[in-house]
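Engineer: Give me coordinates for this.
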Amino acid sequence: MRNPTRMMAATTLLSEAMVMFFAGLVARTMSSLSTGAALGLTWALALACVLAAGMLRSRAGYVFGSVLQVLIFAFGFWVHAMLFLGVLFGALWVASLRIGSRIEREMAERLALEEAAQAEGGREDEAGTPA
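Structural biologist: Numbering: from 1, shown residues only. Sure thing, here's the model as predicted:
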């Protein structure tokens, strides 16, 4: 089975990448940044989100994703409409990490219980067999 934390975090980052790509179009008209700077920053953040999603097999990907959440929130100081999206995606990021780790923990507990039940069933078969 796939890693639930990684799936949820990757979904959040890829969704964020799409939003950041289109946010560049809004940022070029609603910010004090030049068109090139606004598009460059938002598209760089979008690309960084895609790269972070690809790096989620290691801890570095999660650290990079967390840093991106802060950077995207900070971008909201240039484009005030992005403050809401920064808070929203930051909350989704935290929820992805917390809920994903809880699912992983519950899956591990269930697997341990199933293995214990199988081992107990195997001992009963050995004890009940005449020699």
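
Engineer: In the chain, what residue spans correspond to helices?
Structural biologist: 4-30, 35-54, 59-75, 81-128 (DSSP state H).

Engineer: Output the ones you listed as a markdown table; include the columns mean neighbour count and mean pLDDT.
Structural biologist: C-beta here means a position set from N, CA and C on the backbone, and glycine is covered the same way. Formatted as a markdown table, these follow (neighbours: other Cβ atoms under 10 Å; pLDDT from 0 to 100):
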| stretch | mean neighbour count | mean pLDDT |
| --- | --- | --- |
| helix 4-30 | 18 | 91 |
| helix 35-54 | 18 | 93 |
| helix 59-75 | 17 | 95 |
| helix 81-128 | 13 | 87 |
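
Engineer: Now do the same contact list for residue 38.
Structural biologist: 24, 27, 28, 31, 78, 79 (Cβ atoms under 8 Å, 6 or more residues apart in numbering).

Engineer: any idea how far residue 44 is from it?
Structural biologist: 11 Å (Cβ to Cβ, to the nearest Å).

Engineer: What of residue 9?
Structural biologist: On the measure of Cβ to Cβ, residue 9 and residue 44 end up 20 Å apart.

Engineer: hang on, the earlier thing: just the closest of the contacts of residue 38 to residue 48, please.
Structural biologist: The nearest member of the contacts of residue 38 to residue 48, counting by Cβ to Cβ, is residue 24 at 13.2 Å.

Engineer: Grab the nearest non-local neighbour of the closest one.
Structural biologist: Leaving aside its chain neighbours, residue 24 sits nearest to residue 42 (3.3 Å; criterion: Cβ to Cβ, 6 or more residues apart in numbering).

Engineer: Just confirm the one you found contacts residue 23, I think it does.
Structural biologist: Yes - contact criterion Cβ atoms under 8 Å: residue 42 and residue 23 qualify, at 5.0 Å.

Engineer: gap between stretch 85-97 and the chain center?
Structural biologist: Averaging C-alpha positions (Cα atoms, centre = their mean, to the nearest Å) puts stretch 85-97 9 Å from its chain's average.
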